[in-house]
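**Q** need a 3D model of the following:
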Amino acid sequence: MKLIIIILLSVLQIATASASPARYERSINSRWTFHKEGSDITETVNIPHTWNALDCQDDTPGYWRGTAWYEKTVIINDELDGKRLFVRFEGANQELDLYVNDLHAGNHKGGYTAFVFDISQLVKRGCNSFKIKLTNSHDEAIPPMRADFTFFGGVYRDVSLIFVPENHISVSHYASSGVYISTPECDRESAKVKIVTHLTLNNTAKRLILEQQIIDPKGNAIATLKHPLRSAPATSDYVVEQHTKIINPVLWDLDSPEQYSLITRLLDKNGKVIDKQLDAFGIRYFNFDPDKGFFLNGRHVKLIGTNRHQDYKNLGNAVPDEIHLRDVRQLKKMGGNFLRIAHYPQDPIISGTCDEMGIVTCVEIPIIDRIGNSPDFTENCINMALEMVYQNYNHPSMIIWAYMNEVLIESPWNTGKISQKDYFTRLYDCASRIDYAIKRADPLRPTMIPNHNFPERYKQSGITDIPDILGFNLYCGWYTGGLDSLGPTLDKLRDMFPGKSLILTEYGADADSRLHSFSPECFDYTCEYGLMFHKHYIQLILEKEYLAGSNVWNLNDFYSEFRGFAVPHVNCKGLATLDRIPKDSYWFYTAMLSGKPFIRIGGADWKIRGGQASKGVCLQPVEVFSTAAQIELKLNGKHLGTRPKEGHSAVFDVPFTDGENILEACGSDGVTDILRVDFRMIPEDLSKFKEINVMLGSKRYFEDRDAGQIWIPEQEYHTGSWGYVGGQVMRPRYSSGARPAFEANILGTSIDPVFQTQRAGLEAFKADVPNGKYYVYLYFAELAGPVKGKPMPYNLGNDILTGDITPERVFDVAINGKTVLEEFDLSKTYGNNVAVIKKFPIDVCDGSG
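**A** Next up is the predicted model:
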């Protein structure tokens, strides 16, 4: 709470300092009337808003992409006197037209950067009609055209009115602050400061003075610069450049993210303030070395962090500031020092918070998978790049400008409409023009292109020669190869690009927080495999000196509508869930990186567990993550042992009992953690059992949190117990080999993993239960049959082998000798990949259980 108060106060101070009688900003977020074009249904909404918050996660393929309208009456009175008026949008996806009093105010293309319109000549005193026409329809001239995330439509960031005097510090230069601060020469002894200011002046701009004052981190004024504007012409963009030098600067760094302030004042001939603007900036110097990595202020720093998407559970991308803030704090608390803002610029509060917390950042424009073939596409990309650069220019945390993520993952030349040579020529030209535009706007920061694991193709295209840094998104042990292929892959990249600095811009494995296994394997979607994956990667990342840094894909799970897998419509590679509940991989990184006393019992969100009893208990491993050298674990007050930490954790075999189990972990540094587990024991004597939920063909545990149930792996039947008889695990075959579960979206359910494994050719399932009344629930889904839809390029060719698919099946089901389902044809009756649950009341008499 204390940190929140400090941040809010600092924001208030900035707002107060930057305000003047002439400059005024007002939010117009509330109470807009919204309707989709062609529909009579209207609703009142507040901004941030998206129209895809829910339809992106239903079982109907696709999500609504079209044109919608927002309308609002805005009252403007005395604040308009002698002022120019601009309306500022922080983000709206993806093409917007604004009409003020039914007159067209402007158009903007691109869904992830801010923009402004000058509406001074369109408004009047009193009531003004504002109408926004917005579309998120596919457009080959506006990137992204395709990507592995949902393109939420809507005005999903803040909208405000900005009142400024006729002569003012520009608000229209790429919707930035109009003031750009850099330190072209800097070390610990001194820093040369360059300030470029854009002004908008009218024909009365005579004998004005531009005054700029630098305030150090302690609040002391240390330099004042003045530039007279005696004969400045009337112009919408008058540029002033000023320089100064700071001796013994306070450097912005990871552990001491100190910032300076620049107060820019526009004064009349009598010294009266006409306009005033406040900008924060930091002084630091850095460089990338192809052999030794990244250096900040002369000190080697391994950049370790994550990527971040901006959406949230049930909100889409229309998230409040508090969630943006919490995400950055979550990364900092983990010990991360590097954030790749991907795959697009995000809310300005993100980069501002990274400045305050000492997190190095990279941001990119959303050119993904492929480029368009029109001149408009390239021009839109260049404009997006300039908006990105100028809007983030003064952030000391920002060190890399990026563009073109995995832009060769698709092969447009396979369509026959363009040759590979011609496509490579267009691609090179587009990349060159974007890079040139960025370097011209900001020659001090490096550029980067992130590529997928096909370096030969990127090198052949020539685009690897253009940026300063090459990023590579590697999924060894997931989409390509095994975990042991990561090291050789990294070394190969270094040998292929010896003069380039390298960053591992993406790595990760999907993990459904509801799924667990004590024998994890690739593509089982368990948290345990995800943890194993991250342990392997981070060890190699730290070993490779030439690797400047790495970013986990992703800080949080995010929406990707067309996905199936364990959690349909969601990419589950996050270290936290859609609603930001950390997974074990997050706790592992925290123990490794945070540098503060820490302990956490693994599976902290796995509250309902279960298993088969043996001698009254069920022995299961529990991992404890900690910074302590020694870790003690207790169960219900009983000491289970003290173990040395190995690789940031220790594993204990825990004898769970039926009911509540209280685990208490204590590190040798005195930090403790408590976890309460509701353990659902299946007793050895089935006369005492309550329920058994079994996933046939699976080694996984599944926690159904909505129903409060635990599903456990199958076991083979033996007398006096329960289990399957006959059959074999149905493992779908992919080009990379057999997988432990099918990955199709199972329609009509939210517990897809229960339906995604099967035992084919099952003879029987037996449970030796005592006499009594029971309910038997049979969960079915026809997983066999033809595969629908096109292969995803993000699978990197590892798609299901359709030739190996078993044809649909017809079968009977009998319970205790009585047929309850005859010639049951799931495909014909319900269709493929549809959840079907059959409930049967069964009376067991005469020991027939």
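**Q** and residue 718, helix, strand or coil?
**A** coil (DSSP: H, G, I helix; E, B strand; the rest coil).
**Q** look up how far residue 688 lies from it.
**A** In this structure, residue 718 and residue 688 are 18 Å apart, going by CB to CB, to the nearest Å. From N, CA and C alone the C-beta is placed, and that goes for glycine too.
**Q** next, give phi and psi for the residue sitting nearest the centre point of the chain.
**A** In the chain, the centroid-proximal residue (CA atoms, centre = their mean) is residue 309; its distance is 2.4 Å. Dihedral pair for residue 309: phi -100, psi 160, per degrees, to the nearest 10.
**Q** quick one: pLDDT of it?
**A** pLDDT recorded at residue 309 is 98.
**Q** how about it, nearest residue that isn't a chain neighbour?
**A** Among residues not flanking residue 309 along the chain, residue 558 sits closest, at 3.7 Å (CB to CB, 6 or more residues apart in numbering).
**Q** could you do residue 740 as well?
**A** residue 524 is the one closest to residue 740 (CB to CB, 6+ apart), at 4.6 Å.
**Q** likewise for residue 111?
**A** According to CB to CB, 6+ apart, the nearest residue to residue 111 is residue 93 (3.1 Å).
**Q** do residue 296 as well
**A** Closest residue to residue 296 apart from its sequence neighbours, by CB to CB, 6+ apart: residue 286 at 4.8 Å.
**Q** in contact with that neighbour, which residues?
**A** 294-297, 399 (CB atoms under 8 Å, 6 or more residues apart in numbering).
**Q** can you redo the residues you listed as a markdown table with secondary structure?
**A** Listed next are the contacts of residue 286 as a markdown table, based on three-state DSSP:
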| residue | secondary structure |
| --- | --- |
| 294 | strand |
| 295 | strand |
| 296 | strand |
| 297 | coil |
| 399 | strand |
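**Q** from those, which single one is nearest residue 160?
**A** When the contacts of residue 286 are ranked by distance to residue 160 (CB to CB), residue 399 comes first, at 28.9 Å.
**Q** ok, that closest one touching residue 355?
**A** No. Here residue 399 lies out of contact with residue 355, judged by CB atoms under 8 Å, at a distance of 11.7 Å.
**Q** wait, the residue nearest to residue 740 sits on residue 700?
**A** Yes. In this structure, residue 524 is within contact of residue 700 by CB under 8 Å, at 6.0 Å.
**Q** more neighbours, the two?
**A** residue 700 (30 against 26; other CB atoms under 10 Å).
**Q** for the residue lying closest to the more buried one once chain neighbours are set aside, give me its contacts.
**A** Residue nearest to residue 700 in three dimensions, not counting chain neighbours: residue 517, with 4.8 Å by CB to CB, 6+ apart. Listed by CB under 8 Å, 6+ apart, the contact set of residue 517 reads 524, 526, 528-529, 699-701, 713.
**Q** okay, now the residue nearest to residue 111: neighbour count?
**A** Neighbour count for residue 93, taken as other CB under 10 Å: 25.
**Q** model confidence score at it, please.
**A** Note on residue 93: pLDDT of 97.
**Q** surely it and residue 149 touch.
**A** No. Contact between residue 93 and residue 149 fails when scored by CB under 8 Å: they sit 11.6 Å apart.
**Q** thinking again about what came up before, give me the phi and psi for the residue nearest to residue 111.
**A** phi -110, psi 120.
**Q** stretch 442-451: end-to-end distance?
**A** 23 Å (CA to CA, to the nearest Å).
**Q** let me fix that, I meant to ask about stretch 607-622.
**A** With CA to CA as the measure, the ends of stretch 607-622 fall 13 Å from one another.
**Q** quick one: buried residues of that stretch?
**A** The neighbour-count check on stretch 607-622 (16 or more other CB atoms under 10 Å) flags 608-613, 617-618, 620, 622 as buried.
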